[in-house]
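[1] Predicted model and sequence below, questions to follow.
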Amino acid sequence: MAEILKNDWFYEYFTGNAKFGIKIKDHFIDTRSEFQKIDFYDSYEYGRFFTLDGFIMLTERDEFIYHEMLVHLPMAVNADAKNVLIIGGGDGGAVRELVRYPGVRHIDMVEIDRMVVDLCREYLPQTASKLGDPRVSLHFCDGIAFVREAQEKYDLILIDSTDPVGVGEGLFSQAFYEDCARLLAPGGVMVNQHESPYYEGDAVEMERAHKKLSSVFPVCRVYQFHMPTYASGHWLFGFASQDRDPLVFDAAAWNALGLHTDYYNTELHRGCFALPNYVLRRLGKA
Ligand code: SAM
């Protein structure tokens, strides 16, 4: 839920009793697509940012953290990944990081809401500027139906989704995870948006998602990162695979690629799977 006050602060309610505020310069898009409410803002601290149904999706200032951790960690593990599927990801940030790998030959990006992509292309070129890369095929349809019907095999599947409400809800279902598992090539890896462990409402969603994911994939691990504008700032991704251990990777080979990053590095890769005790307990691992 969002609130805009007359003194130009945007607030997102993290719970009924805690909210996060950004002082805004401008609220320049206030519209609704077939699927969701879409707002774009400009701010002093976080640059431009946009919200879907009142929830912050990305800000120019901290999106690098989310997108680097979403893409580079699985690419370091499955370094030969050639064929990639992204579900959601309409802002283009995941694509921007993926096309930096010359070995990636094709990316299918499945985004339900064309209006998100069009607005990001116009107002957020920082993330959307690589959506025209010739290796990228954009599909404007529901990711749930896409994976149900797809026959192709993917080396990497990234679920870059909204939270488990509204159009994004089915992207956290067991049936959806089963379809993704069927589409993974041998050695393939899936990374999904795994919510936050901190506030009770988010933590319950995290537990649910983790249980379902664990019942589908033999390897199901969780890694953490710091995301200042998401609820509590403590956010998780799930790493799922039939057979890949996320900690077995060639750090020297990844470093030799010479990719400049501002958050991800191979030391952090090793450390981000070490979770606090309260998170381990909620995941049933302590
Ligand atoms: N980084 C963001 C976060 O975690 O807050 C996610 C950003 S990305 C913009 C999420 C995208 O998923 C949205 O553009 C939304 O339209 C898309 N999406 C939600 N449900 C979907 C579905 N069922 N199929 C395909 N895309 C979907």
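    Good, I have the coordinates. Residues are numbered from 1 along each chain as shown.
[2] For the chain, give me the ranges with low pLDDT.
    1-7 (pLDDT under 70).
[3] So which bits of it are right by the ligand?
    52, 57-58, 66, 87-91, 110-113, 116, 142-144, 160-162, 167-168, 170-171, 193 (Cβ under 6 Å from any ligand atom). Where you see a C-beta, it was placed from the backbone N, CA and C, and this is true even at glycine.
[4] one more time with 5 Å
    Residues of the chain lying close to the ligand (Cβ under 5 Å from any ligand atom) are 57, 88, 90-91, 111-113, 116, 142-143, 161-162, 167-168.
[5] Show me these that map onto helices.
    Val116, Gly143 (DSSP state H).
[6] quick one: Ser43 from the ligand, how far?
    17 Å (Cβ to the nearest ligand atom, to the nearest Å).
[7] and Tyr223, what element?
    strand 219-226 (DSSP states H and E).
[8] Mind telling me which residue of the stretch 51-200 of the chain is nearest the ligand?
    Using Cβ to the nearest ligand atom, the closest approach of the stretch 51-200 of the chain to the ligand is made by Gly88 at 2.8 Å.
[9] coming back round to it: which one of the residues of the chain next to the ligand sits in the busiest neighbourhood?
    Gly90 (31 neighbours; other Cβ atoms under 10 Å).
[10] Spit out the contact partners of the closest residue to it other than its chain neighbours.
    Excluding the flanking residues, the one nearest Gly90 by Cβ to Cβ, 6 or more residues apart in numbering is Val116, at 3.6 Å. For Val116, the contacting residues are Ser33, Ile38, Leu52, Gly90, Asp91, by Cβ atoms under 8 Å, 6 or more residues apart in numbering.
[11] returning to that earlier point: I'd like the next helix or strand past the strand holding Tyr223.
    strand 234-241.
[12] now that next one against strand 219-226, angle please.
    Using axes from the mean of the first three to the mean of the last three Cα atoms, to 10 degrees, the inter-axis angle of strand 234-241 relative to strand 219-226 is 160 degrees.
[13] Put the alpha carbons of strand 234-241 into PDB.
    Taking Å, rounded to 0.1, in the frame of the first residue of the first chain, the C-alpha atoms of strand 234-241 are listed here in PDB:
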ATOM      1  CA  HIS A 234      16.900  -7.800   4.000                       C
ATOM      2  CA  TRP A 235      16.000  -9.700   0.900                       C
ATOM      3  CA  LEU A 236      16.400 -13.300  -0.400                       C
ATOM      4  CA  PHE A 237      16.700 -15.200  -3.600                       C
ATOM      5  CA  GLY A 238      16.100 -19.000  -3.900                       C
ATOM      6  CA  PHE A 239      18.700 -21.100  -5.800                       C
ATOM      7  CA  ALA A 240      17.100 -24.300  -7.200                       C
ATOM      8  CA  SER A 241      18.500 -27.100  -9.300                       C
END
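[14] Tell me how far the nearest residue in space to Val77 that is not next to it in sequence lies from Leu158.
    Nearest residue to Val77 in three dimensions, chain neighbours excluded: Phe249, at 4.6 Å (Cβ to Cβ, 6+ apart). Distance, Phe249 to Leu158, using Cβ to Cβ, to the nearest Å: 17 Å.
[15] more neighbours, these two?
    More crowded of Phe249 and Leu158, by other Cβ under 10 Å: Leu158, with 28 against 20.
[16] quick one: the more buried one and Leu73 touch, right?
    No - counting by Cβ atoms under 8 Å, Leu73 is not a contact partner of Leu158; they are 10.7 Å apart.
[17] Could you name every residue contacting both of the two?
    Each of Val191 lies in contact with both Leu158 and Leu73 under the rule Cβ under 8 Å, 6+ apart.
[18] Domain parsing of this structure, as residue ranges.
    As recorded under automatic domain parsing, the domains making up the chain are 2-57, 63-282.
[19] okay, which residue is most central for the chain?
    Within the chain, one residue has its C-alpha closest to the average C-alpha position: by Cα atoms, centre = their mean, that is Asp160, at 3.4 Å.
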